[in-house]
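Chemist: mind looking at a prediction? Sequence and model below.
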Amino acid sequence: MTTVKPQADIKPLRGVRILSLALNLPGPAALRRLRAMGATCTKVDPPAGDPMHTYNHAVYTTLHEGVKVISADLRDPAGQKTLRNELARTNVLLTSFRPSALVKLGLTWKALHKAYPALSHVAIVGSHGERAEEPGHDLTYMAEMGLVSGMELPPTLFADMGGSLMASEAVLKAVLQRTRSGKGVYLEVALAGAAEYLGLPRNWGLTSPGKSLAGAHAGYRIYPCKDGRVAVAALEPHFAAALCKAAGVEAIDRNSMTAPATHAAIAKLFAGQTCRQLTALGTAQDIPMFTLPE
């Protein structure tokens, strides 16, 4: 009998050596994913350490599990020697510096490619092109792309984590390209670009006011219930039909899910039940919903 291995056991980057100089969140988060895909990962921290180590040691530890961390001052000869020794046995270099900082460290793509032709470089920057020198962080990139509402901060660091996904994807591209050509490549990942990508559904109008995914569809909303809230995502006709049946709406057609009467009936259904009761209802009637107790 053939045993099918779970997807988690697939290690496409086994044998690939990654060297990271990237600090804070996007680079280490990408490195964690690359390590999970089988890469051998080494990180160079400055003598003062990664800022993440200072303001959240537990997160730093999680991100660097299985990663060899060494300390070196890349601005002095000894640190440069350590870096060169590591680069000589590295397949992909990961950085998160501004372009001007890479110039000061002698890590321009031209210099790297000349010294290490098979080495690839994945550079995480704030924005592409001339704007790569501008200061910024997750919040500013999110705000620029229209993803910050009112005075409340986003619930998580979308641009940083989206950028980490794009960076790990770029490493896979670089490894695949080197396999084909034998030469390293330079790839750039912008956190502003990650925020822009995450905001595409909004730009496409999918979540604009009056649209189904903005609450116009009675089956795709957040409703209050007796002891909290319930997020319901009954968009597909069969899910919407099950929800309407539970709410006592006898018949639905293409337009009825936006009708005020349908909204009112579903709101009444949820308002009269507890989170526990609604969880049981969702399970029994196969309705996609998630309760949020107070």
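Modeler: Yep, that arrived.
Chemist: in three-state terms, how would Leu153 be classified?
Modeler: Taking DSSP: H, G, I helix; E, B strand; the rest coil as the rule, one finds Leu153 in the coil state.
Chemist: isn't there a strand covering Glu188?
Modeler: Yes. Secondary structure of Glu188 (three-state DSSP): part of a strand.
Chemist: what's opposite it in the beta bridge?
Modeler: Ala123 (DSSP bridges).
Chemist: count of neighbours near it?
Modeler: As a burial measure, Glu188 scores 18 neighbours (other CB atoms under 10 Å). In short, each C-beta sits where N, CA and C put it, glycine included.
Chemist: swap in Pro46?
Modeler: Here the number of neighbours of Pro46 (other CB under 10 Å) works out to 15.
Chemist: list the contacts for it?
Modeler: Contacts for Pro46 (CB atoms under 8 Å, 6 or more residues apart in numbering) come out as 23, 71-74.
Chemist: which of those residues are buried?
Modeler: With burial judged by 16 or more other CB atoms under 10 Å, the buried subset of those is 23, 72, 74.
Chemist: out of the residues you listed, who's nearest Leu139?
Modeler: Leu23 (17.5 Å; CB to CB).
Chemist: give me the pLDDT for the closest one.
Modeler: Looking at Leu23, its pLDDT reads 96.
Chemist: ok, it touching Asp45?
Modeler: Yes. Under the contact definition of CB atoms under 8 Å, Leu23 touches Asp45, with a separation of 7.5 Å.
Chemist: separation between Asp45 and Leu93?
Modeler: 15 Å (CB to CB, to the nearest Å).
Chemist: from Thr82, how far out is Asp50?
Modeler: Taken as CB to CB, the span from Asp50 to Thr82 is 16 Å.
Chemist: so those two - more neighbours on which side?
Modeler: Asp50 (21 against 17).
Chemist: contacts only, for the residue nearest to Asp45 when sequence neighbours are not counted.
Modeler: Closest residue to Asp45 apart from its sequence neighbours, by CB to CB, 6 or more residues apart in numbering: Ser71 at 5.4 Å. Contact analysis of Ser71 by CB under 8 Å, 6+ apart lists 44-47, 49.
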